[in-house]
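>>> Build me a structure from this.
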Amino acid sequence: MIIQILKWIWVSPWSLVGLVIGLISCCTGGNGRRVDHTLEFQGGLACWLLERTPIGAIAITVGHVILARNQAALDFTRNHERVHVKQYEKWGPFFVPAYFLLSGVVWIRGGKAYRDNPFEVEAIAIDDPHNHRPIV
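Model prediction:
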């Protein structure tokens, strides 16, 4: 239990960002719930924001918060997004800067900034175990 509390604290700056977006989503037609050690929100502002991402994301993880366009997107991406929750627990407040730094490095080297990002490769491996490459 103490380890889990420390993980929540370590990730809390990003979880707070996700929680604010999630709560606003609830006020704009969406809803949310707790599933295990994460909060999941769908619809409302979360949907509006995700529709406008450059990659057309259907879900995104922000700390211990998973935001999705709708319930079907949450159900479809839950395992993938939970890998990102574990990555946040490892990297804490440095996860987002590390994620964007690695995307930039991958892109400069001619790869796909999203698909070839080591964080995404690890999460995608949940859905396709043959696509797994170890994370940096």
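
>>> And the top helix by length along the chain, what's buried?
Longest helix of the chain, by residue count under DSSP state H: helix 2-27. For helix 2-27, burial by neighbour count (16 or more other CB atoms under 10 Å) applies to 7, 10-11, 14-15, 18-19, 21-26. For glycine as for every other residue, the C-beta is placed from the backbone atoms N, C-alpha and C.

>>> wait, which of those residues is closest to Asp116?
Set against Asp116, the nearest of the buried residues of helix 2-27 by CB to CB is Trp14 (22.8 Å).

>>> Show me where the chain dips below the pLDDT cut-off.
Residue ranges of the chain with pLDDT under 70: 128-136.

>>> Strands of that one, residue ranges please.
31-35, 38-42, 59-62, 65-68 (DSSP state E).

>>> Tyr88: which of these is closest?
Closest among those, once you apply CB to CB, is strand 59-62, at 6.9 Å.

>>> ok, and what's touching that closest one?
Here strand 59-62 makes contact (CB atoms under 8 Å, 6 or more residues apart in numbering) with 14-15, 17-18, 21, 50, 53, 66-69, 73-74, 76-77, 80-81, 84-85, 88.
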